[in-house]
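J.: next comes the sequence, and after it the predicted model I'd like to discuss.
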Amino acid sequence: MSSKNVTIVKDFFIVGFPGLHPNYYVFVSAIMFFIYLCILIGNGIFLLLFATNKSLHKPMYFIYISLVLSDVLFCTCTLPKIIARYWFQEGIISFAACFFQMYLVHYFGVVNSYVLALMAIDRYIAVCYPFRYHTFMSNRNIVISSIVIWIFAHLSIIMMVVRAYPLPYCGSNTILHCYCDHVSITRLACTDRTPYSVPAFVYAMVVLLGSLAIILFSYFFIILAVLKISSAQGKLKVFSTCSSQLIIIALFFLPRCFYYLAANIGITFNADLQIAVIMLYSLLPPMINPLLYSLNTEEV
């Protein structure tokens, strides 16, 4: 790297919604605080029920635990800062803290992608190979798989952050987002971002589409297996236990794939609308997931 590649920007300013009038700052921060509180309470209750009710100590619920932890930690690393930005006008975040937040944002996103793929595999084996289910998907195997997911996600994300960190940030320090992410930060670099953004985009697509391919493969064979069930009640039972997971999967994957694709091929939208959509698909699943876990988790 040349001698001109010197980091000048010492901190960043998180704007949030660029078109939001200051009169609505407190209102928006109150809404986000309420959402954060709901996420903590809902997922906290689920964790408490899991810890105190041994009947929930089943493979499917161990998978949910990883999703719950990832959701709560993602919201904890993003919401407090944007709440402070609107509530106390504290939008400044240090250079290092911004990159650490970027790492956490993408780390938990990758964890969720892999966990959702594991969830689909769990349902695939439960429906298509019910007599082998407890052999392949024991609690021990699920816990080991979950640990591998959390470790592997860390190793894969850290390289993306390491490549973006030394870029020259010598211009604007304004982040038009509610948190620091790779796209928002690298756009501020005073250099051609293509050598850095393209590999990051390819990696994001590999993670998202790779996990989505596993999910589609699993549910394709689940549907084939369901069609072979002669009992209408049996079909309904399978669809019931899989429906909540399909909702969770759709809410996670579809908007993200569209966002990464649009950001890298030059499709632009109103900034406030784009950020609102991102926040919606980031925060809605953690809010409703505990309810979905509770309502549709009967055994196949």
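T.: Arrived safely.
J.: Ile248: what's it in contact with?
T.: By C-beta atoms under 8 Å, 6 or more residues apart in numbering, the contact set of Ile248 is 67, 116, 119, 285, 289, 292. Yep, even glycine has a C-beta here, placed from its N, CA and C like the rest.
J.: try it again with 10 Å
T.: 64, 67, 112, 115-116, 119, 285, 288-289, 292-293 (C-beta atoms under 10 Å, 6 or more residues apart in numbering).
J.: tell me the one of those nearest Leu212?
T.: The shortest approach to Leu212 among the contacts of Ile248 belongs to Leu116, at 8.6 Å (C-beta to C-beta).
J.: pLDDT value on the closest one, please?
T.: What the model reports as pLDDT for Leu116 is 92.
J.: that one belongs to a helix?
T.: Yes - the assignment for Leu116 by DSSP: H, G, I helix; E, B strand; the rest coil puts it in a helix.
J.: one step back: kindly indicate the member of the contacts of Ile248 with the most neighbours.
T.: Within these, neighbour counts (other C-beta atoms under 10 Å) peak at Val115, which reaches 27 neighbours.
J.: distance of it relative to Met32?
T.: 25 Å (C-beta to C-beta, to the nearest Å).
J.: on that earlier part again, can you lay out the contacts of Ile248 as JSON lines showing secondary structure?
T.: Below are these laid out as JSON lines (three-state DSSP):
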{"residue": "Tyr64", "secondary structure": "helix"}
{"residue": "Leu67", "secondary structure": "helix"}
{"residue": "Asn112", "secondary structure": "helix"}
{"residue": "Val115", "secondary structure": "helix"}
{"residue": "Leu116", "secondary structure": "helix"}
{"residue": "Met119", "secondary structure": "helix"}
{"residue": "Pro285", "secondary structure": "helix"}
{"residue": "Ile288", "secondary structure": "helix"}
{"residue": "Asn289", "secondary structure": "helix"}
{"residue": "Leu292", "secondary structure": "helix"}
{"residue": "Tyr293", "secondary structure": "helix"}
